[in-house]
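[1] build the 3D model from these lines:
(one chain, ligands or ions: 1)
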Amino acid sequence: MPDAKSERPQFPRRLAVLISGRGSNLQSIIDTIARGELDATIGLVLSNRPQAPGLARAADAGIETMCLSAADYPCRDDYDRAVAGSLTARNIGIVCLAGFMRLVGQPLLDAFPNRILNIHPSLLPAFPGLGAQRQALEHGVKVTGATVHFVTADLDGGPILLQAAVPVLDDDVEETLAARILVQEHRLYPEAIRMVLDGECTVDGRRVLRRR
Ligand code: GRF
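    Numbers count the residues shown, from 1 in each chain. Below is the predicted model of the structure:
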């Protein structure tokens, strides 16, 4: 009988980070690895936008970068197949969406089952989609936060790995709230990646459970 340890999924500790913009979460992952607090390598940073500032962060850190524009592909599935092919060719274990402004389609989901993570600036399932901080202010909630979840075909709807709460202050505007949430994002995402790489959790329906 296999012991509990051997049943843990074995992933290459190689990450791909998919971005569309600023790349501050990418930077926090780079920095956490550099400090020796996350045992992983970033094998590729892939953007769908050539102007994404995060590409320069990756290049500065000596990480391979790639830009694939959706406009160069006849359909969504072809684009996702191209992304999946680029990742599997680099022996990527975990795919981290970090401000990647595209829905992930079935070809990519199938290539990395339960191995694609996303970070979102709210306490999901509240405020999915764009402008989560603005949505929180408009709704008048007193607490919002950040969520790291597995990616499924449902937008921002996959099983939740980790969350952190952030209070909404009376004088908050979108920028101040987003900045405080971002502090939590930068702490949360590397920790969630470590949990998945170390096989510390299992997915049971909608719930992500810690292994004992
Ligand atoms: C973050 O707020 C993340 O939660 C959301 O998009 C933003 C990306 O920011 N998905 P950055 O590019 O990592 O700075």
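[2] what mean pLDDT does the longest helix belonging to the chain have?
    If you go by DSSP state H, the chain has its longest helix at helix 174-197. Helix 174-197 shows a mean pLDDT of 98.
[3] is stretch 189-203 positioned near the ligand?
    No - using Cβ under 6 Å from any ligand atom, stretch 189-203 stays clear of the ligand, with a minimum separation of 8.5 Å. (Each C-beta comes from the backbone N, C-alpha and C, glycine too.)
[4] residues of that stretch that come out buried?
    With burial defined by 16 or more other Cβ atoms under 10 Å, the residues of stretch 189-203 counted as buried are 189-190, 192-197, 201.
[5] quick one: contacts of that stretch?
    For stretch 189-203, the surrounding residues in contact (Cβ atoms under 8 Å, 6 or more residues apart in numbering) are 8-11, 13, 15, 25, 28-29, 32-33, 37-40, 93-94, 96, 98, 114-115, 117, 119, 148, 150, 159, 161-162, 208-211.
[6] just the buried ones from those residues?
    By 16+ other Cβ under 10 Å, the contacts of stretch 189-203 give 11, 13, 15, 25, 28-29, 32-33, 38, 40, 93-94, 96, 98, 114-115, 117, 119, 148, 150, 159, 161-162, 208 as buried.
[7] just give the nearest non-adjacent residue to the residue positioned nearest the centre of the chain, would you?
    Centroid-nearest residue in the chain, with Cα atoms, centre = their mean: Asn118, separated by 2.9 Å. Once flanking residues are discounted, Asn118 sits nearest to Leu97: 4.2 Å by Cβ to Cβ, 6 or more residues apart in numbering.
[8] I'd say the one you found and Leu18 touch.
    Yes - assessed by Cβ atoms under 8 Å, Leu97 is found in contact with Leu18 at 5.0 Å.
[9] so which of those two has more stuff around it?
    In this view Leu97 and Leu18 are compared by other Cβ atoms under 10 Å, and Leu18 has more residues nearby, 27 against 21.
[10] what distance separates the helix or strand where the more buried one lies from the centre of its chain?
    Per DSSP states H and E, Leu18 falls inside strand 14-19. Distance of strand 14-19 from its chain centroid, counting by Cα atoms, centre = their mean, to the nearest Å, is 8 Å.
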